[in-house]
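**Q** A structural model of the following input is requested.
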Amino acid sequence: MCSVIRRTKPVQLARALRFRANSEGSCYASADNRHVSPGLRSSTLPLSPGLTAAVRAYCTRMARTEGLFFRQLFERESCTYTYLLADTETKEAVLIDPVLETLNRDVKLVKELGLTLTVAVNTHCHADHITSTGLMKKQLFGLKSAICKHSGATADVLLKEGDKITFGRHCLVARETPGHTDGCMTLVTGDESMAFTGDALLVRGCGRTDFQQGCSKKLYESVHSKIFTLPDSCLIYPAHDYQGQTVSTVGEERKFNPRLTKTLEEFVDIMNNLNLPRPNKIDFAVPANLVCGLHDV
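**A** The predicted model follows:
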């Protein structure tokens, strides 16, 4: 799945995302209010000639794993996080949960950094946005799409429990975490220092279970058996956040998550009484995502 690629000098990024968040899902926030993720650093980045340098909270580093490049990206309309990981030596890379609206941004970033993107993987069949994997494959030679085999979606790679997505010396290990949908996966780095939980586990929350094969009991069991069994220090990176939070840890969520610290019966009752509105894009996002984002786009 991976191949040796040529190296090119990375181009430093200059423009900061600005967004603010409110409780109703309109997600924009000032970059000044972003939190620096645990294990990451705030960076001063040189800009292109003629521009003034700026400082911001910025997830640029390779987290806690030597030789692992990491970048957290944001799509403001659906409040979706997209994650780019790469081996710093081979430049092989993986992209998690790419969004159609940010296709050009993501392709540009991959090219600027001299990376070869081998796999674009979705943590589940999203209902609130269309994935860009299908169109991205047309722009980046050799790119493969991936999703859980239980999602019902088409992709080049259909993942199951324990499967690995390798890139250079690193890998992501698939853990099936159904409950929000049947095809939800959590992707865990090989050293268990980072977990990309999709909609199964959010920062101080979790994905809803009232549509698209949702099952509260199944979600509760998935989180407790597949995510809460990871080390306390493992960083939790969700697919969405609506309050401007960028990251949590397994230890934090096991202790402070207001839903998943309850008993199973209490959790089911909470989830049955959320009374959330139907996602605006579900009627066209789900059919599109079942075919790699290429349905009427």
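
**Q** residue boundaries of the strands in the stretch 51-200 of the chain?
**A** Per DSSP state E, counting those that start in this stretch, the stretch 51-200 of the chain carries strands over the ranges 54-56, 68-75, 80-87, 92-96, 116-121, 144-148, 157-159, 164-167, 170-176, 185-189, 194-198.

**Q** could you redo those strands as a markdown table and give each row mean pLDDT and distance to Arg105?
**A** Every residue, glycine included, has its C-beta placed from N, CA and C. Shown next, in a markdown table, are the strands of the stretch 51-200 of the chain (pLDDT from 0 to 100; distance: least, Cβ to Cβ, whole Å):
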| stretch | mean pLDDT | distance to Arg105 |
| --- | --- | --- |
| strand 54-56 | 32 | 17 |
| strand 68-75 | 98 | 7 |
| strand 80-87 | 98 | 9 |
| strand 92-96 | 98 | 12 |
| strand 116-121 | 98 | 13 |
| strand 144-148 | 98 | 18 |
| strand 157-159 | 98 | 24 |
| strand 164-167 | 98 | 20 |
| strand 170-176 | 98 | 22 |
| strand 185-189 | 98 | 21 |
| strand 194-198 | 98 | 19 |
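
**Q** Adding distance to Gln213, write those out as JSON lines.
**A** Below are the strands of the stretch 51-200 of the chain laid out as JSON lines (distance: least, Cβ to Cβ, whole Å):
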{"stretch": "strand 54-56", "distance to Gln213": "39"}
{"stretch": "strand 68-75", "distance to Gln213": "24"}
{"stretch": "strand 80-87", "distance to Gln213": "20"}
{"stretch": "strand 92-96", "distance to Gln213": "21"}
{"stretch": "strand 116-121", "distance to Gln213": "20"}
{"stretch": "strand 144-148", "distance to Gln213": "12"}
{"stretch": "strand 157-159", "distance to Gln213": "17"}
{"stretch": "strand 164-167", "distance to Gln213": "24"}
{"stretch": "strand 170-176", "distance to Gln213": "13"}
{"stretch": "strand 185-189", "distance to Gln213": "14"}
{"stretch": "strand 194-198", "distance to Gln213": "14"}
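
**Q** Select, out of those, the one closest to Arg254.
**A** strand 194-198 (12.5 Å; Cβ to Cβ).

**Q** Mind giving me the packing neighbours of the closest one?
**A** Counting contacts by 3 or more Cβ pairs under 8 Å, 6 or more residues apart in numbering; DSSP states H and E, strand 194-198 packs against strand 185-189, strand 235-238.

**Q** Surely Ile236 touches Gly198?
**A** No - under the criterion of Cβ atoms under 8 Å, Ile236 makes no contact with Gly198, lying 10.9 Å away.

**Q** In this protein, where is pLDDT below threshold?
**A** By pLDDT under 70, the low-scoring segments of the chain are 1-63, 296-297.

**Q** The same query, at a cut-off of 90, please.
**A** By pLDDT under 90, the low-scoring segments of the chain are 1-64, 294-297.

**Q** What are the boundaries of the helices in this structure?
**A** Secondary structure of the chain (DSSP state H): helices located at 103-112, 133-139, 216-222, 250-256, 264-272, 282-289.

**Q** Only the buried residues of the second one, if you could.
**A** By neighbour count with 16 or more other Cβ atoms under 10 Å, helix 133-139 contains the buried residues Thr133, Gly134, Leu135, Met136, Lys137.
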